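Asks: Here's my sequence, what's the structure:
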Amino acid sequence: METPKVVILSGGEGTRLREETEFKPKPMVTIGGLPILWHIMKIYASYGFKEFVLCLGYKGDVIKQFFLTHELMHNDATIRLNDRMHDTIHRMASEADDWTITFADTGLKAMTGSRIKKIERYIGGDCFLATYGDAVSTISIPDTIKLHKKLGTIATLGAVHPHSKFGLIREGKGNLVESFVEKPVLEDYVNGGFYVFQADIFDRLSGGEECVLEAKPFEKLAADGKLGMYKHEGFWHAMDTYKDYLDLNRMWDEGKRPWKIWK
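Replies: Next comes the predicted model:
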């Protein structure tokens, strides 16, 4: 089977992260100096999935600019100003990222389902992977694909346990507080992205900006028994608020990087 391409929804404004997203799109908010989008792509590439389709929207030019200049900015280089055809990049790393990236402008205000519908022509196969451009995880992509094939569904999502945004209070006797639990991991599952889709999903989506993947399309798939869930019990963390930004960067700085499965 042809290796599935990876679609990453990269067009959101990130209004709850306005401290970082006023001048750049949410997927370009950094962890350890590199965009969370790059971290997500490294996760997929570590499993051998190296063909990406980025669904651009808000400030998509910033994403394009990053990848177009990434090698030049992160390695030594020799250039001749009157002959840029012969620029030389002195790669410091033993291996450069051998990725193929399609930048697809899917509209400024388009919803998630609309963005995916608009990149149908770039998929080419009967199966593809997809996720959001704002969350990292230790979820096993190959295991998710295996379950998807076993279930025979049109779509399979990664079901994850989120962290509570609030600390919990443990009640003691006589209306006393026994202890606090800071941001516990919740027992319930939420949709964490990291999807596997059959190409049939395109028949369930519309190109109009109002098509929300997680609304009617998923509701109909669930009613038809065509929506699977891979239960991931490990690490998952979204970059949703400025506090999330601080938490993920603190983890990186302290060397606690469970999602960093690459060398």
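
Asks: chain center to the helix ranked longest in the chain, what's the gap?
Replies: With secondary structure taken from DSSP state H, the chain has its longest helix at helix 60-74. The chain centroid and the centroid of helix 60-74 are separated by 18 Å under Cα atoms, centre = their mean, to the nearest Å.

Asks: pLDDT averaged over that helix - what is it?
Replies: Helix 60-74 shows a mean pLDDT of 87.

Asks: F235 against W259, yeah?
Replies: Yes: if you go by Cβ atoms under 8 Å, F235 and W259 touch, sitting 6.4 Å apart. For the C-beta atoms, the positions are set from N, CA and C on the backbone; glycine is no exception.

Asks: Neighbour count: these two, which is higher?
Replies: A side-by-side neighbour count of F235 and W259, using other Cβ atoms under 10 Å, places W259 first with 23 against 17.

Asks: any low-confidence regions in the stretch 1-150 of the chain?
Replies: Along the stretch 1-150 of the chain, the model assigns pLDDT under 70 to residues 1, 14-16, 18-21, 92-95.

Asks: Strands of that one, start to end?
Replies: Counting by DSSP state E, counting those that start in this stretch, one finds strands in the stretch 1-150 of the chain at the ranges 6-10, 30-31, 34-35, 51-56, 76-78, 88-90, 100-105, 127-132, 135-137.

Asks: if we can go back for a sec, what is in contact with F235 and W259 at once?
Replies: Taking Cβ atoms under 8 Å, 6 or more residues apart in numbering as the contact rule, the neighbours common to F235 and W259 are 137-138.

Asks: Buried by neighbour count: which residues of the longest helix of the chain qualify?
Replies: Neighbour-count burial for helix 60-74 flags 60, 63, 66-67 (criterion: 16 or more other Cβ atoms under 10 Å).

Asks: so K50 touches W99, yeah?
Replies: Yes: if you go by Cβ under 8 Å, K50 and W99 touch, sitting 4.9 Å apart.

Asks: wait, is G193 part of a strand?
Replies: No: under DSSP: H, G, I helix; E, B strand; the rest coil, G193 sits outside any strand and is assigned coil.

Asks: For it, which non-adjacent residue is closest in space?
Replies: Nearest in space to G193, with sequence neighbours left out and distances taken as Cβ to Cβ, 6 or more residues apart in numbering, is T131 at 4.0 Å.

Asks: Contacts only, for the residue sitting furthest away from the middle of the chain.
Replies: Most distant from the centre of the chain: G174, at 46.2 Å, with distances by Cα atoms, centre = their mean. Counting by Cβ under 8 Å, 6+ apart, G174 touches no other residue.

Asks: swap in H237?
Replies: Neighbouring residues of H237 by Cβ under 8 Å, 6+ apart: 135-137, 163, 244, 247-248, 259.

Asks: any idea which element it lies in?
Replies: strand 236-238 (DSSP states H and E).

Asks: okay, now E209: neighbour count?
Replies: By other Cβ under 10 Å, the residues close to E209 number 16.

Asks: Now do the helices in the stretch 151-263 of the chain.
Replies: Using DSSP state H, counting those that start in this stretch, the helices found in the stretch 151-263 of the chain span residues 216-223, 242-253.

Asks: And for the closest residue to Y189 other than its chain neighbours, the neighbour number?
Replies: Nearest residue to Y189 in three dimensions, chain neighbours excluded: A159, at 4.0 Å (Cβ to Cβ, 6+ apart). For A159, the neighbour count with other Cβ under 10 Å is 19.

Asks: The one 3 residues further on now?
Replies: The number of residues packed near P162 is 18, by other Cβ under 10 Å.

Asks: That'll do, ta.
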